[in-house]
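Colleague: Sequence first, predicted coordinates after that:
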Amino acid sequence: METPANFNRPTLIEALDAWEKMLKERGFATDLLWLFEENLCFEKPHATAGTGWHLGYQTKFAPPPDDALDIAFDHFAETIARMVFYRLGKAASGKSVCVLLCDPWFEAKGDVEGFLRRDDWRISFRPGFDTEIAEIIELSRWLRRVKRGRPFHDLDFCMSLATLDEIKTYGRALAPYERFAEAMLNRLRRFLGNPD
C-alpha cells in the first residue's frame, strides 16, 4: 500500500470521538482503559491450555499517569508513522481495553487484518473482538511475564511508561545511549552513597 502524501493529524479529542463512535457502532463499551507496555502481561501457554500465548493486563503495579494518553498521542503525532487505536477486548468491569500504537509497519495493514484506515489522518482503528482480557493482580504472575522470546505482535509498538517519564522529564524520548548513560550514572551514585 502506498503511503499518502498529504495528511492532517486530528486533535486527540477528534480522534477519540471517531474511535468511540466506531466502538459504539459495534456494540463495544466507550468507557476506555488505556494501557502501555508495562501494563501488558504476556504469559507462556500452560500445558493444559493449548499452544497460544495468554495476554492479560495490570494497572496495579505500574499504573499509567492521568496524562499518559495525551503525552503518547502528542509524541506519536509528531511523526509521519501511522498511529493505531487498538482494542484488545473488554475488562471484567466492562470497559474497552485499548492501546495506542505507532509505527510505519502498520502502513500495510488494512481490512483483512481488522484495521480500518483513515488515510487523511494517517490513523487506523482496530476495534477487535469482544473477548474478556484478564486483569493480573498477583505480583508473582506479573513479574514472571514474558518480555522476550515470544512471537512478534502488534502490541510491540506501544509506548512504555518509561518513555512517558523521559518525555515529561526531558521533553523528548532519550536515545538508547542516553538511557544507558543515565542507568550507569544512577548505579555510580548508589555505589558512592549519593542517591541524588
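Modeller: That came in fine, so what should we check first?

Colleague: where does this structure have low pLDDT?
Modeller: 1-5, 45-52, 150-151, 174, 177, 194-196 (pLDDT under 70).

Colleague: What are the boundaries of the helices in it?
Modeller: 12-25, 68-77, 139-143, 161-170, 176-192 (DSSP state H).

Colleague: now those helices in CSV, with mean neighbour count and distance to Asp31?
Modeller: For every residue, glycine as well, the C-beta is placed using N, CA and C. CSV is the format used below for the helices of the chain (neighbours: other Cβ atoms under 10 Å; distance: least, Cβ to Cβ, whole Å):
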stretch, mean neighbour count, distance to Asp31
helix 12-25, 15, 9
helix 68-77, 19, 14
helix 139-143, 12, 24
helix 161-170, 16, 22
helix 176-192, 10, 35
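
Colleague: Can you lay out the ones you listed as CSV showing distance to Asn39?
Modeller: Shown next, in CSV, are the helices of the chain (distance: least, Cβ to Cβ, whole Å):
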stretch, distance to Asn39
helix 12-25, 19
helix 68-77, 10
helix 139-143, 9
helix 161-170, 8
helix 176-192, 20
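
Colleague: So for Leu116, which of the ones you listed sits nearest?
Modeller: The closest of the helices of the chain to Leu116 is helix 12-25. By Cβ to Cβ, the value is 6.9 Å.
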